[in-house]
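Student: Here is my input; please provide its structure:
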Amino acid sequence: MTYDETNKGALWINEDATKENRKPTHSGKLNVGGKEFALAGWYNPSQVKDGRTIKARLDLKLQPPREKQEVSNTSTTSDAIPF
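Tutor: The predicted structure is shown next:
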């Protein structure tokens, strides 16, 4: 029996995310209608701004997964040894 992951996803904490490098604090994958998407999230803690309390939130970005580039084993330089 196979597990159906249609319309499901998960986010994991990125250990190397900092405010300085602006990497997402969370990342993962999301399956929508059988198509895979990359999911990124940025955690924003509660804060007081202009006298109002803004509750903590997770901002999300959904995008198609990046195409994996094929690595070519052919060399552009000559393999001949000149002697």
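Student: need the strands for this structure, in chain order.
Tutor: Counting by DSSP state E, the segments of the chain that form strands are 9-13, 26-32, 35-44, 47-49, 52-54, 57-63.
Student: would you turn the ones you listed into CSV with mean neighbour count, distance to residue 2 and mean pLDDT?
Tutor: Yep, even glycine has a C-beta here, placed from its N, CA and C like the rest. CSV is the format used below for those (neighbours: other C-beta atoms under 10 Å; distance: least, C-beta to C-beta, whole Å; pLDDT from 0 to 100):
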stretch, mean neighbour count, distance to residue 2, mean pLDDT
strand 9-13, 13, 17, 96
strand 26-32, 16, 13, 96
strand 35-44, 16, 16, 95
strand 47-49, 8, 44, 91
strand 52-54, 9, 43, 94
strand 57-63, 12, 25, 96
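Student: Make TSV out of the ones you listed and add distance to residue 1.
Tutor: Formatted as TSV, these follow (distance: least, C-beta to C-beta, whole Å):
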stretch	distance to residue 1
strand 9-13	20
strand 26-32	18
strand 35-44	21
strand 47-49	47
strand 52-54	45
strand 57-63	29
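Student: Just tell me which of those ends up closest to residue 69.
Tutor: strand 35-44 (15.7 Å; C-beta to C-beta).
Student: Give me the helices and strands touching that closest one, please.
Tutor: Strand 35-44 sits against strand 9-13, strand 26-32, strand 57-63, with contacts defined as 3 or more C-beta pairs under 8 Å, 6 or more residues apart in numbering; DSSP states H and E.
Student: For residue 41, which of those is the nearest?
Tutor: Between residue 41 and these, the shortest separation by C-beta to C-beta is 3.7 Å, and it involves strand 26-32.
Student: Brilliant, that's me finished.
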